[in-house]
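> Here's my sequence, what's the structure:
(2 chains)
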Amino acid sequence: MAFASLSLGTRLEAGRSNPALVAGLALLGLVILAALVGPWLINPEDARVGAFAPSRPPSAAHIFGTDTQGRDVLAVLVLANPETLKVGFIAGTVGLGIGTLLGLASGYFGGITDAVIRTTADVLTTIPGVAMLVLVATFIKTMTVGLMALVVASLAWIYPTRAIRAQTLSLRERAYIQVARLNGVGGLELVLREILPNLLPYTAASFVSAVSHAIIATIGLEALGLGPQNAFTLGMMIYWSQFYGAIVRGLWWWWGPPILLILVIFVALLLTSAGLDRIVNTRIRSAA
Amino acid sequence: MTPGYVVRRFGVLVLVVFLATTVNFIIPRLTPGDPIEQKLSQLVATSGGQIGDVTAMVESYRKRFGLDQPWHVQYVNYWIALARLDLGFSLENFPERVSDAIAAALPWTVGLLGLSTLIAFGIGSLLGGLLAWPRTPPGARAAIPLLMLLSAVPYFLLGIILVFLLAIKVKLFPAGGGYPFGAILRFDLATGVGIVHHAALPALSIILAGIGTWALGMRGMMISVLGEDYITLAEAKGLSERRIFLWYGLRNALLPQVTTLALTLGHVVSGAILVEVIFSYPGVGLKLYHAILAKDYFLIQGIVLLLIVSIAVTMFIMDLIYPLIDPRIAYRRR
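Numbering: from 1, shown residues only, chains lettered A, B, ... in the order given. Okay, the predicted model is just below:
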């Protein structure tokens, strides 16, 4: 679903001439498909503690073996994938929403609004995100996947704000905006009908990078032990395998699959954003 | 570099420190039923034999923050304590001071992170320069996707794979720790070798994950530098290729990399924290991990504050040095 709407929104003249975007979206589509369909195909009982004999290597019955708690690693992985994507998606959406709003306001209105928003964003970029998030997450009593997404989203708006602001500044001076302004279009209407639609490729690129940053931050927090203890996420899989010494004990089938899936997600997002960059740049070139 | 620039930059630094401290002060107080209070009463309830210690700690906590006082008095007291570098006591290892706990861990982190970041910066920049150099064999460009992949992987995931391959499967390096188990740290060769041996794998994962970022940035810069007129002039003068590459190309492309280094410092430090957790490396990151496991709130707050302030100060210093080493930037800066 998300795959279809994304490819539709960013189709333009690209498509076949943009293999990075196609490959990235296809890979993302596969991961999202697995997240949507996967949980229906496995038995959630297999992901319960003590469902099977513990610490078994991969076999025909358990493709990815079982962990020290007797859970089927494949079942846990299939249940964890949608949760991690969910965190990335929620944080990316919230971050992009707030970022677009602030970036538009900052770039369009200028003056004090711009000074306040710009300075805040500048100050916050010099603060290491993980440090701030650790502090917030530490004082949350029961962490859930939804809360996790909101915590990560609290810093996810900074990059989109800066990107959208820069673009709004350059769009504001374009001839067609001046023409619209001379025609008496003003204020909110000008922003919504003339500027916002032309920001679309940039918002798409910002969204992809916000999602990928959010997932990195989430996995980092989870690996530190601040994640949702009772939920299955890719980061929590790595946390528990580290917690129970799976790396030293050679249970590679426990931490290997989540790492591989995380890598696939990052490569997909990387390709997508490289592809989107190309679209953004051709538009700049054709406009100049 | 104008005085106005220095003042403005210093203003940002002050804002960062103010913000970080204030957030550190506010967040525990926003949480319903102050978790620090809860942890304290839990400690009082479970401490049994050493009740005297815990009561002393609770007393010192109350006295320090004056919890019965209005919040603005507490806030001022908080700042006064900070100015004395008093971050309170560790809740887990009372009467250890948070500042002492951090001071013990800091050299490990600074050493590991500083060295491996420098190595990654050097190798990555050279690699990026070579990738942009027209005489480099075209086959070498196959490395670019690999570098992109490396730059996208969180450091500690690479760390897990390295531990498994080089410490568990092939027992080349120790799987964790900062020095041989049970060794006494002295200034001698054996201690030095042990430390380097233990630092090799965590350093390798920071270096491998860092190289991609530096190489890609350098490649972009180098391509634009190689298009400059002075490169054409140098070629026309018949200077040797090595001289053009190193002194005309690499040297001019390197400076903007320093800005990137400053900008990504926070990212690098966050990544290194998790690497320490994977390798049980006795630095600040591992301290933070243990503090989180034990809900040692004061230690967590102290480490977070230290990270934010030290990165802000480093960035400030780098921003001041930068216009000095690259005069081009002095005019472009706002």
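> need the helices for chain B, in chain order.
Counting by DSSP state H, one finds helices in chain B at the ranges B:3-30, B:35-46, B:51-65, B:71-83, B:98-132, B:143-152, B:155-163, B:189-226, B:229-236, B:241-243, B:251-279, B:284-293, B:297-325, B:327-332.
> could you dump stretch B:213-233 to PDB, C-alpha only?
Output in PDB follows, covering the C-alpha atoms of stretch B:213-233 (Å, rounded to 0.1, in the frame of the first residue of the first chain):
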ATOM      1  CA  THR B 213      31.100   8.300   5.500                       C
ATOM      2  CA  TRP B 214      34.500  10.000   5.200                       C
ATOM      3  CA  ALA B 215      35.300   8.400   1.800                       C
ATOM      4  CA  LEU B 216      32.000   9.400   0.300                       C
ATOM      5  CA  GLY B 217      32.300  13.000   1.500                       C
ATOM      6  CA  MET B 218      35.800  13.200   0.400                       C
ATOM      7  CA  ARG B 219      35.000  11.800  -3.100                       C
ATOM      8  CA  GLY B 220      32.400  14.600  -3.600                       C
ATOM      9  CA  MET B 221      34.800  17.300  -2.500                       C
ATOM     10  CA  MET B 222      37.700  16.000  -4.500                       C
ATOM     11  CA  ILE B 223      35.600  15.900  -7.700                       C
ATOM     12  CA  SER B 224      34.800  19.600  -7.400                       C
ATOM     13  CA  VAL B 225      38.300  20.500  -6.400                       C
ATOM     14  CA  LEU B 226      39.700  18.600  -9.400                       C
ATOM     15  CA  GLY B 227      37.600  20.800 -11.700                       C
ATOM     16  CA  GLU B 228      39.300  24.000 -10.400                       C
ATOM     17  CA  ASP B 229      41.600  26.100 -12.700                       C
ATOM     18  CA  TYR B 230      44.700  25.700 -10.500                       C
ATOM     19  CA  ILE B 231      44.600  21.900 -11.100                       C
ATOM     20  CA  THR B 232      44.700  22.500 -14.800                       C
ATOM     21  CA  LEU B 233      47.600  25.000 -14.300                       C
END
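> quick one: is it near chain A?
No. Shown here: stretch B:213-233 not in contact with chain A (CB under 8 Å from any CB of the partner chain), separated by at least 11.0 Å. C-beta here means a position set from N, CA and C on the backbone, and glycine is covered the same way.
> so where's the stretch 151-288 of chain A uncertain?
A:280-288 (pLDDT under 70).
> Up against chain B, what does the stretch 51-200 of chain A have?
Checking the stretch 51-200 of chain A against chain B by CB under 8 Å from any CB, the hits are A:119, A:122-123, A:125-132, A:134-136, A:138-141.
> For PyMOL, what selects the buried ones among those?
The buried residues among these can be selected in PyMOL (16 or more other CB atoms under 10 Å in any protein chain shown) with this line:
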select buried, chain A and resi 123+125+126+127+128+129+130+131+132+134+135+136+138+139+140
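> Tell me, how many residues neighbour B:G238?
Neighbourhood size, B:G238 [other CB atoms under 10 Å in any protein chain shown]: 6.
> whoops, A:R174 was the one
Using other CB under 10 Å, A:R174 is surrounded by 14 other residues.
> now swap in A:D67 and tell me
A:D67 has 25 neighbours, counted by other CB under 10 Å.
> same question, A:S17
Neighbour number of A:S17 under other CB under 10 Å is 10.
> and it, how far is that from A:R278?
Between A:S17 and A:R278 the computed distance is 9 Å (CB to CB, to the nearest Å).
> Taking the centroid of the chain, which residue is nearest it?
You didn't pick a chain, so chain A it is. A:V211 (1.5 Å; CA atoms, centre = their mean).
> think we crossed wires, I meant chain B
Centre-nearest of chain B using CA atoms, centre = their mean is B:V269, 2.4 Å out.
> contacting residues around that residue?
When contacts are counted by CB atoms under 8 Å, 6 or more residues apart in numbering or on different chains, B:V269 touches A:P128, B:L113, B:L307, B:I311.
> ok, now which ones touch A:Q242?
Neighbouring residues of A:Q242 by CB under 8 Å, 6+ apart: A:A223, A:W255, B:I160, B:V277, B:I278.
> Out of these, grab the one that's most surrounded.
B:I278 (28 neighbours).
> what sits against B:G129?
Residues near B:G129 by CB under 8 Å, 6+ apart: B:M218, B:R219, B:M222, B:F245, B:G249, B:L250, B:A253.
> quick one: pLDDT of the fifth one?
With respect to pLDDT, B:G249 has a value of 83.
> could you measure it against chain A, distance?
Distance from B:G249 to chain A, counting by CB to the nearest CB, to the nearest Å: 24 Å.
> Include distance to A:V179 when you put the helices of chain B into TSV, please.
Below are the helices of chain B laid out as TSV (distance: least, CB to CB, whole Å):
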stretch	distance to A:V179
helix B:3-30	37
helix B:35-46	58
helix B:51-65	61
helix B:71-83	53
helix B:98-132	42
helix B:143-152	41
helix B:155-163	50
helix B:189-226	34
helix B:229-236	39
helix B:241-243	53
helix B:251-279	38
helix B:284-293	55
helix B:297-325	41
helix B:327-332	32
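> Minimum distance to A:A163: which of the ones you listed has it?
Comparison of these against A:A163 by CB to CB identifies helix B:251-279 as nearest, at 14.7 Å.
> Which of the residues in the closest one are classified as buried?
Those would be B:252-254, B:256-258, B:261-262, B:264-279, for helix B:251-279 by 16+ other CB under 10 Å.
> do the same with stretch A:241-253
Neighbour counts using 16+ other CB under 10 Å place A:S241, A:Q242, A:Y244, A:A246, A:I247, A:L251, A:W252, A:W253 of stretch A:241-253 among the buried residues.
> Restricting to C-alpha, output it in PDB.
The C-alpha trace of stretch A:241-253 is given here as PDB (Å, rounded to 0.1, in the frame of the first residue of the first chain):
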ATOM      1  CA  SER A 241      20.500 -11.900  22.600                       C
ATOM      2  CA  GLN A 242      23.300  -9.600  24.000                       C
ATOM      3  CA  PHE A 243      21.700  -9.800  27.500                       C
ATOM      4  CA  TYR A 244      21.800 -13.600  27.500                       C
ATOM      5  CA  GLY A 245      25.300 -13.700  26.000                       C
ATOM      6  CA  ALA A 246      24.200 -15.200  22.700                       C
ATOM      7  CA  ILE A 247      27.200 -13.600  20.900                       C
ATOM      8  CA  VAL A 248      29.800 -15.200  23.200                       C
ATOM      9  CA  ARG A 249      27.900 -18.500  23.300                       C
ATOM     10  CA  GLY A 250      27.900 -18.700  19.500                       C
ATOM     11  CA  LEU A 251      24.100 -18.600  19.000                       C
ATOM     12  CA  TRP A 252      24.600 -16.700  15.800                       C
ATOM     13  CA  TRP A 253      21.100 -17.700  14.600                       C
END
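> Isn't A:P82 up against A:A35?
Yes. Using CB atoms under 8 Å, A:P82 is in contact with A:A35, at 3.8 Å.
> who touches both of those two?
Common contact partners of A:P82 and A:A35 (CB under 8 Å, 6+ apart): none.
> Just the closest of the contacts of A:Q242 to A:S273, please.
Nearest to A:S273 out of the contacts of A:Q242 is A:A223 (CB to CB; 23.6 Å).
> isn't the closest one right next to B:I273, touching?
No. Between A:A223 and B:I273 there is no contact under CB under 8 Å: 9.6 Å.
> roughly how far apart are A:I117 and A:L104?
Separation of A:I117 from A:L104 (CB to CB) stands at 10 Å.
> Residues in contact with both of these two, list them for me.
Common contacts of A:I117 and A:L104 (CB under 8 Å, 6+ apart): A:R165.
> follow-up on the earlier one: out of the residues of the stretch 51-200 of chain A next to chain B, which are inside helices?
Those of those mapping onto helices are A:T119, A:D122, A:V123, A:T125, A:G129, A:V130, A:A131, A:M132, A:V134, A:L135, A:V136, A:T138, per DSSP H.
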